[in-house]
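> Coordinates for the following, if possible.
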Amino acid sequence: MKRTPFGTWPCSIARAVDLLGDWWTPLVLREAVFGTRRFEEFQRSLGIGRNVLAQRLNRLVDEGLMDRVPYQGRPLRHEYVLTPKGRDFFPVLTAILAWGDAWLADEEGVPVVLRHRTCGRETHAKVVCGECGEPLRLEDVEALAGPGLPAPLARAGVAAGRFGVRREPAAPLTPSCAHAPESAPPP
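Model prediction:
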């Protein structure tokens, strides 16, 4: 079956799914986050076919999530190291882990626990507002058409009630939503 490409869609989720949407790619990134660096280690840990692993690693290198770094000259062998772009995928993995722990763990408990080295406590991902720190819940968030959404799609989305209307350009980021006025004008 031919896969529909989403890489040029005007949607960050679609573009991310285009890059990361098969089941092996997030698992390869999971292994890299937990310290796997060499091809044979990825293959042994995941039980993945060499051809599929090579394709996934090449794509992650091509897309700038990993670097291929030589570690041996004769024969030439490489390690795969996360780049800053690849390291930035870590919160996504922890959010998937937290959801899986909440909804898919069996009666024995969760398979992996994360400990925050800074405070020494076990932790889990929590998606919060980047401004005020409050948890982001579906019922508390409104989608607005952003500046990169083509105008016809923005108009159609607003007309269909999919997006709220931005009355003014996005305000500069502030340290906290707590500084916002008590009552905001209606949208």
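
> Need the phi and psi values for the residue of the chain most remote from its centre.
Seen from the C-alpha centroid of the chain, the residue lying at the greatest distance (Cα atoms, centre = their mean) is residue 74, 36.6 Å away. Dihedral pair for residue 74: phi -130, psi 110, per degrees, to the nearest 10.

> which stretches of this protein form helices?
Taking DSSP state H as the test, the helices found in the chain are 12-20, 24-33, 39-46, 50-62, 84-87, 90-104, 151-159.

> re earlier: return the per-residue confidence for the residue farthest from the centre of the chain.
Each residue has a pLDDT score; the one for residue 74 is 92.

> switch to numbering from 48
Yes, from this point I'll number from 48; that puts the last item at residue 121.

> Name all residues that make contact with residue 55.
With contact set as Cβ atoms under 8 Å, 6 or more residues apart in numbering, residue 55 has these partners: residue 62. (Each C-beta comes from the backbone N, C-alpha and C, glycine too.)

> Same question for residue 115.
Neighbours of residue 115 in contact, by Cβ under 8 Å, 6+ apart: 104, 108, 125-127.

> Quick check: it vs residue 62, distance?
Shown here: residue 115 relative to residue 62, a distance of 23 Å by Cβ to Cβ, to the nearest Å.

> check contacts around residue 71.
Contact analysis of residue 71 by Cβ under 8 Å, 6+ apart lists 93, 95, 99-100, 103.

> Tell me where the model's unsure across the protein.
48-49, 215-234 (pLDDT under 70).

> rerun that using 80 as the cut-off
48-60, 68, 212-234 (pLDDT under 80).

> So which residue is dead centre in it?
So for the chain, Cα atoms, centre = their mean, it's residue 139, sitting 3.6 Å from the centre.

> most tightly surrounded among the helices of the chain?
Across the helices of the chain, the average number of neighbours (mean count of other Cβ atoms under 10 Å) peaks for helix 71-80, which reaches a mean of 19.

> Many thanks, have a good one.
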